[in-house]
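S.K.: prediction below, plus the sequence it came from.
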Amino acid sequence: MLSQILIAVFVIVLTSLLCKIGHFLYRRSKRRHNVSPDVVILYQIGRGPFAPSVSPFPLKLETFLRMTKTPYVNDHSAKFSSKRKTPWMEYDGKSIADSQFCVEYIKKKRGIDASKHLSPAERGIARAFQKLTEENLYWTMCLEMFGDDISTVKKVIPYTGLKLWFTLWFLRRVIRQETWGHGIGRHTPDEVWSIAVDDMTAISSFLGDKEFFMGPEPSEVDCAMFGMLVMILWNMPDSKHEKYAKEHLPNLMEYCERMKARFWPDWDEHILTSDRYQNDDGKIYFKEPGDSIFRSED
């Protein structure tokens, strides 16, 4: 009994110490952005080695900002929101956490609708696929990346040393807890993989040979689908997800390439391993009406 109490106390003390280490590693000085209130300040965790983000949700939100030509500036300081979530944004004097809440707030504030060409039934289908992707497929990807073999995720997270070790320790701990609460973490690896295959196949089957997910023109759901599929195709090297998608579902890669051409023509400038990489922290995109993705101002 005494030994169990001592172990419990040790775990509590160690967890507290690690959290303090994490606070030290990720803390940043308070930043002041000299931008007008109508410019979104997008806080995210920084660029990745193979894609503009190592997480689907910052990529989703930044793609939406580009799709709607919303003026924005990136803050790559990895600063978390009051909800301890990332990405998040400051816009019009307000702090908004969660990528979808950010999207909804921008739509309401700016009076824009990237899905206005869709019927009510099509909007329902788009929402269903977005939730399938973000609330189901996503967790199969997390279990694949942060399971027993973490060699793949080490290639993607752009940290080294103690910061890499702490990041992996923290993320694995959180993912184990969240997937258990979700329910998917209670399944066997084979059962989780069957869910992943069914989800990816459903996405591919619905996409078919359409230009974008819902038809010839892009809509809001494309931001979420693109963000998640980029993780599979670029940020999960040598994983089962990547191999299956590339071998059996080639239209997913073709779709992502079309999205890249449309909304990320400067893709290579936001890849850490690219010779063309440019640190865009603090640059304002779409500062003036008519600005293109290629034009940004300090």
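M.R.: Yes, it's here.

S.K.: give me the most central residue, the chain.
M.R.: By C-alpha atoms, centre = their mean, the chain has its centre lying nearest to residue 56, at 2.1 Å.

S.K.: tell me how many other residues surround the residue nearest to that residue when sequence neighbours are not counted.
M.R.: Of all residues not flanking residue 56 in the chain, residue 227 sits nearest, at 3.9 Å (C-beta to C-beta, 6 or more residues apart in numbering). Yep, even glycine has a C-beta here, placed from its N, CA and C like the rest. For residue 227, the number of neighbouring residues by other C-beta atoms under 10 Å comes to 27.

S.K.: mind telling me what element residue 227 is part of?
M.R.: helix 220-234 (DSSP states H and E).

S.K.: that helix: what's the following helix or strand?
M.R.: Using DSSP H and E, the helix or strand that follows helix 220-234 in sequence is helix 240-248.

S.K.: for that next one, what is the distance to the chain centroid?
M.R.: Centroid separation between helix 240-248 and its chain, computed with C-alpha atoms, centre = their mean, to the nearest Å, is 20 Å.

S.K.: and stretch 42-62, by the same measure?
M.R.: The answer for stretch 42-62 is 6 Å, by C-alpha atoms, centre = their mean.

S.K.: repeat for stretch 101-109
M.R.: On C-alpha atoms, centre = their mean, the centre of stretch 101-109 falls 17 Å from that of its chain.

S.K.: what average pLDDT does that stretch get?
M.R.: For stretch 101-109, the mean per-residue pLDDT is 97.

S.K.: same question, stretch 152-172
M.R.: Mean pLDDT, stretch 152-172: 77.

S.K.: one more: stretch 286-298?
M.R.: Mean predicted confidence for stretch 286-298 is 61.

S.K.: can you check stretch 80-88 too?
M.R.: Mean per-residue pLDDT for stretch 80-88: 85.

S.K.: can you get me a residue count around residue 77?
M.R.: By other C-beta under 10 Å, 17 other residues sit near residue 77.

S.K.: thought it was touching residue 42?
M.R.: No - Residue 77 lies out of contact with residue 42 (C-beta atoms under 8 Å); the separation is 11.2 Å.

S.K.: does residue 69 count as helix, strand or coil?
M.R.: coil (DSSP: H, G, I helix; E, B strand; the rest coil).

S.K.: what does the one 4 residues further on give?
M.R.: Reduced to three states with three-state DSSP, the structure at residue 73 is strand.

S.K.: doesn't residue 178 lie inside a helix?
M.R.: Yes - going by three-state DSSP, the assignment for residue 178 places it inside a helix.

S.K.: my guess is the residue nearest to residue 56 contacts residue 64, does it?
M.R.: No - using C-beta under 8 Å as the test, residue 227 is too far from residue 64 to be in contact (9.2 Å).

S.K.: that older thread, what average pLDDT does the helix holding residue 227 get?
M.R.: 98.

S.K.: run a quick neighbour tally on residue 122.
M.R.: By other C-beta under 10 Å, 15 other residues sit near residue 122.

S.K.: cool, and residue 92?
M.R.: Per other C-beta under 10 Å, the neighbour tally for residue 92 reads 15.

S.K.: now the helices for the chain?
M.R.: In the chain, the helices defined using DSSP state H lie at 2-26, 56-67, 99-110, 120-132, 138-145, 151-156, 161-182, 189-207, 220-234, 240-248, 250-263.

S.K.: possible to save those as TSV with distance to residue 281?
M.R.: Shown next, in TSV, are those (distance: least, C-beta to C-beta, whole Å):
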stretch	distance to residue 281
helix 2-26	16
helix 56-67	13
helix 99-110	19
helix 120-132	29
helix 138-145	26
helix 151-156	20
helix 161-182	18
helix 189-207	33
helix 220-234	20
helix 240-248	29
helix 250-263	20
